[in-house]
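Q: turn this into a structure:
(2 chains)
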2 protein chains.
Amino acid sequence: MLKKFNQKITEGFLYTDQYQLAMAQLFFKNGYHEVDAQFDHFFRKYPDYGSHKAGYCINAGLEWFIDWMSNTHITKKDISFLKKHKNSKGKNLFHDDFLKWLERNGSFESVTLKAIPEGRVVHPYEPITVVSGPLAITQILETPLLNQLNYQILIATKASRLKVISRGNKILEFGTRRAQDRGANAGVRAALIGGADFTSNVGISYNLGLPPKGTHAHSMIQFFLSLGYNELDAFNAFADLYPDDCILLVDTIDSLNSGIPNAIKVFEKLKRKGHKPLGIRLDSGDLAFLSIKAAKMLNQAGFDDVSIVLSNELDELNIWQIITQISIEAPKEGLDADSIVNRLVFGVGTNLITSSGNPSLGGVYKLVSVKNDNAWKSTLKISENLEKSTLPGEKNIFRLYDKFDKATADLICSANENINNKSVFLLHHPVEKNVVRKISPKELSSVESLLNDILIDGKLVYEFPSLEIIRSVRDYDLEKLHDGVKRIINPHYYHVSVSEKLILLRQQLTEKIKKQKN
Amino acid sequence: MLKKFNQKITEGFLYTDQYQLAMAQLFFKNGYHEVDAQFDHFFRKYPDYGSHKAGYCINAGLEWFIDWMSNTHITKKDISFLKKHKNSKGKNLFHDDFLKWLERNGSFESVTLKAIPEGRVVHPYEPITVVSGPLAITQILETPLLNQLNYQILIATKASRLKVISRGNKILEFGTRRAQDRGANAGVRAALIGGADFTSNVGISYNLGLPPKGTHAHSMIQFFLSLGYNELDAFNAFADLYPDDCILLVDTIDSLNSGIPNAIKVFEKLKRKGHKPLGIRLDSGDLAFLSIKAAKMLNQAGFDDVSIVLSNELDELNIWQIITQISIEAPKEGLDADSIVNRLVFGVGTNLITSSGNPSLGGVYKLVSVKNDNAWKSTLKISENLEKSTLPGEKNIFRLYDKFDKATADLICSANENINNKSVFLLHHPVEKNVVRKISPKELSSVESLLNDILIDGKLVYEFPSLEIIRSVRDYDLEKLHDGVKRIINPHYYHVSVSEKLILLRQQLTEKIKKQKN
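A: Model prediction:
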């Protein structure tokens, strides 16, 4: 915990951008601060890693964000800082009347929030999180919401890709040392939601009810060497203490000529004493080649069931390459490729926790509706570029499942549309005009609504699922995706679509705003 | 502040990797836990953004890290979690004797730490942070140290590059919404150290004693439009409230045909009332083209001193391109390019806070010395690849300044080397054998030692400088670098070098360890 760099200030109500407060005061001064407003949180593009890209995202971050919202209130200390904030003339930037209002109302207790649950597959343009409440407060909420949700979606998505390409083999998250400071914890949580089975990070593991994973580092071997002992002595010391949890890092000196032979000696000793050795870890060199050689040596010694843990700058592409290379080369060594691949465990650090190649998700938070004279009025942000326009008003999202029970499209509708009485669904492309797919309800096995009520006027009306349930939701949704959508390179486009009614509303409002220019 | 996701657990003593604790227990069980050990923190490569790369880094993160160390102690709750950690047989992984020791000794009060100060230019292979103390404790410290220092160095470096390429124009940091959750705060701090002048993040600004910066978003205009007002009404409302701090975002509808003309109307009104308008902000479109057009329109209206704030996915390369394009095209419009460039302010979000293109610094923490029989014995990690070998033992780092008072090389020596009595410095390349530069003390204007004592046995012996001082240290060091080293693309290599004595020590120890294999 940081003391000097006071987390109550830096992670509390003022964990936002200055312009949110400047606008909040403006809304207050003009009497708009308590006007009800609705904002959508959505992203426009899947993560694109340059050499490969995502065809879906996994939602994550909601529970932490709601936890933060529920526990965040403006403090007297916050107010005292705001009071001291001077404008360019040395006068107070924030006025007393506004600060008095903010001191009484500076919390998120009045906010209503709907969201797609964590672990679910989500797509561009869909409102993942929908916030409504007093304009000044919902405006201030933009920054912490984007900060907390965008990153977890990004990392859960990356982790899911790793899990898919690893054919379901275990993924261990190792990246805390390469994360953005305390952001590591959110990243680890998201990785565990999206596809990592365990993490090396101790505190967050305990907090989430999982055992942290890890054995020893090169430094342990190096320490024994510095005292005049050798690698085998170090391995023996480790095996003596952890006979039932023995995974040995074999590449400190020379994997094939020292590490693996020494590990086998130690494993034989453990076996004689009735223990089951768990594995070896390779952290350098040609991991595919070394995996085959290691498997051969371990098999010959009768250890064909110990895991081979691989690490060192892994990501989707090199895991795929390693598996492919093993599949081609193992038979040449007289080994069954699948049995090698199935014993692999992947330790992923930097590239997962940073989402290397695409280190941020461009999720945005846009005003879609304003309550005026007791009625919600849809609004939108226009742009020359339709991609950057927003979909106006309150909306529903439906997932359409085809006869094979696969998700065939998501449909974004206005909230007041009745989709049960439609004889045909017109699925408009969200951006490309006149690209329309028609689908009859008869072609569908089911239609599912994706948004859930989470907060109503600040009151929690949702039971947060356990990590286990979130993961089963993720697996269910991935199972429903066509394989092409899950392909890591050049994936098939999933059909995110917009209803006819909503397309027309966007056109009408765009024209109206253009007329309003001056 | 997170309540449910208990920060006392997730950011406290257990904010480390499992293998550190597994090794700590092993050291304890073998009686090595209180053996004094020394670890170096250093990086091997400058950030490489693919299309461009760094030729130096800016050190950052130290004060926050020391603050964390000083306030972090293992808690009863931590111990209770460790007690419940089961091994694969369902037995306690951590033994009572170890936990009893850890409960008494689980803090960093016994650690001695030297470091290069924040704001200083640093280079590969140099120990930036040197930690010594009881082996078990210094081992556990690896993860939080790397987590906290690597990221701040990365971002301070990126911010410095932005400042250099912007010709010293103001840089505003806007990236909180694209950061890794709470990591935003460390990123913002590092950006402010490295080159950003201000940030939009409110809490951290107040904490660091700076005013946060920001005006209004598109959503403010959009809100006014939704009520039937127009852009000019929204601008007027803003100017009425912030007459002396008026920066208007002009691209919500159409920058050239609506936003800028409306801003000029508002500025004229402000001027009549005796206020000085500050600027406009452009957040989309061709920023170079629009800057020229905006400058022309503003100049014609008599506002040739208001700033033009640019934002939208800026980084080193596109800032460079914008400046270049203005330099070429402004004269064609009959305008002075420099006067346009000089009024630019750059708002940088995603690409700064994520260090896009290279989102992590590969800083490592390696055992270099162990105290045995009351004497420090140097040790190292060997590798086939010299780049991955470490430099053994306690070391000093000297910066050598040439006759023009420019930094010409850094020299890494063994701590016990006397460099004052050398008739010639042999500067060995740290990795490439037989690449040696000779330099005579007569060719130098001064030699400076870079490491400072920070903690001695856990006691703080260093006074942390203010942000202002850190920035002046940074400016001083940048001034001493040759321009080629500061070039953003393909920079000239700075001479990081190793003394003859240390090169020989590395060779001897490498041979010794190779013999020790089995």
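Q: for the helix or strand containing residue A:139, name the packing helices and strands.
A: Per DSSP states H and E: residue A:139 is located in helix A:135-140. Helices and strands touching helix A:135-140, by 3 or more Cβ pairs under 8 Å, 6 or more residues apart in numbering or on different chains; DSSP states H and E, are helix A:18-29, strand A:36-42. C-beta coordinates here come from the backbone N, C-alpha and C atoms, glycine included.
Q: residue B:515 is nearest to which of the ones you listed?
A: Distance to residue B:515, taken as Cβ to Cβ, is lowest for strand A:36-42 among the helices and strands packed on helix A:135-140, at 61.2 Å.
Q: quick one on the thing from earlier: quick one: name whatever helix or strand follows the helix holding residue A:139.
A: helix A:142-165.
Q: and the following helix or strand past that following helix, what other elements does it pack with?
A: If you walk from helix A:142-165 toward the C-terminus, the next helix or strand you reach (DSSP H and E) is strand A:171-173. If you count contacts as 3+ Cβ pairs under 8 Å, 6+ apart, strand A:171-173 packs onto helix A:142-165, helix A:183-194, strand A:198-199, strand A:344-348.
Q: repeat that for 10 Å
A: helix A:142-165, helix A:183-194, strand A:198-199, strand A:344-348, helix A:350-353 (3 or more Cβ pairs under 10 Å, 6 or more residues apart in numbering or on different chains; DSSP states H and E).
Q: right, and the ones you listed - which one's nearest chain B?
A: Smallest distance to chain B across the helices and strands packed on strand A:171-173 (Cβ to the nearest Cβ): 2.7 Å, for helix A:183-194.
Q: residue A:303 against residue A:248, yeah?
A: No: Residue A:303 lies out of contact with residue A:248 (Cβ atoms under 10 Å); the separation is 11.5 Å.
Q: which neighbours do the two share?
A: Residues touching both residue A:303 and residue A:248 by Cβ atoms under 10 Å, 6 or more residues apart in numbering or on different chains: A:263, A:264, A:267, A:277, A:279, A:280.
Q: show the pLDDT at the second one.
A: Spelled out, it's residue A:264. On the pLDDT scale, residue A:264 is placed at 98.
Q: what comes up buried for whatever helix or strand it lives in?
A: If you go by DSSP H and E, residue A:264 is part of helix A:260-272. Buried residues in helix A:260-272, counting neighbours by 16 or more other Cβ atoms under 10 Å in any protein chain shown, are found at A:260, A:261, A:262, A:263, A:264, A:265, A:266, A:267, A:269, A:270.
Q: sheet-wise, list the partners of the following helix or strand past that helix with their directions.
A: Using DSSP H and E, the helix or strand that follows helix A:260-272 towards the C-terminus is strand A:279-282. When pairing is defined by DSSP bridges, strand A:279-282 lines up against strand A:247-249 (parallel), strand A:307-310 (parallel).
Q: for strand A:279-282, what does the pLDDT average out to?
A: 98.
Q: sorry, back to before: wait, which of the helices and strands packed on helix A:135-140 is closest to residue B:479?
A: helix A:18-29 (31.3 Å).
Q: list phi and psi for residue A:122.
A: Phi and psi for residue A:122, reported as degrees, to the nearest 10, are phi -130, psi 160.
Q: correct me, but it touches residue A:450?
A: Yes: counting by Cβ under 10 Å, residue A:450 is a contact partner of residue A:122 at 8.0 Å.
Q: ok, the two, which is more surrounded?
A: Remark: of residue A:122 and residue A:450, residue A:122 carries more neighbours, 25 against 22, as counted by other Cβ atoms under 10 Å in any protein chain shown.
Q: confidence score at that one?
A: According to the prediction, residue A:122 has pLDDT 98.
Q: which residues does it bridge with?
A: Applying DSSP bridges to residue A:122, the residues it is bridged with are residue A:57.
Q: circling back: winner for burial among the helices and strands packed on strand A:171-173?
A: helix A:183-194 (a mean of 30; mean count of other Cβ atoms under 10 Å in any protein chain shown).
Q: gap between residue A:457 and residue A:70?
A: In this view, residue A:457 and residue A:70 are 13 Å apart by Cβ to Cβ, to the nearest Å.
Q: same check, this time on residue A:113
A: 11 Å.
Q: returning to what we had before: for chain B, which of the helices and strands packed on helix A:135-140 is the nearest?
A: Going by Cβ to the nearest Cβ, the one of the helices and strands packed on helix A:135-140 nearest chain B is helix A:18-29, 3.3 Å.
Q: and the closest one, anywhere near chain B?
A: Yes: applying Cβ under 10 Å from any Cβ of the partner chain, one finds helix A:18-29 touching chain B at A:18, A:19, A:20, A:21, A:22, A:23, A:25, A:26, A:27, A:28, A:29.
Q: give me the low-pLDDT residue ranges for chain A?
A: A:1-2, A:517-518 (pLDDT under 70).
Q: tell me the residue furthest from the middle of it?
A: For chain A, the residue at maximal distance from the C-alpha centroid (Cα atoms, centre = their mean) is residue A:228, at 46.2 Å.
Q: thinking again about what came up before, single out the most deeply packed of the strands paired with strand A:279-282.
A: strand A:247-249 (a mean of 26).
Q: quick revisit: can I get the helices and strands packed on strand A:171-173 in JSON lines with distance to residue B:310?
A: Output for the helices and strands packed on strand A:171-173, formatted as JSON lines (distance: least, Cβ to Cβ, whole Å):
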{"stretch": "helix A:142-165", "distance to residue B:310": "21"}
{"stretch": "helix A:183-194", "distance to residue B:310": "27"}
{"stretch": "strand A:198-199", "distance to residue B:310": "40"}
{"stretch": "strand A:344-348", "distance to residue B:310": "37"}
{"stretch": "helix A:350-353", "distance to residue B:310": "31"}
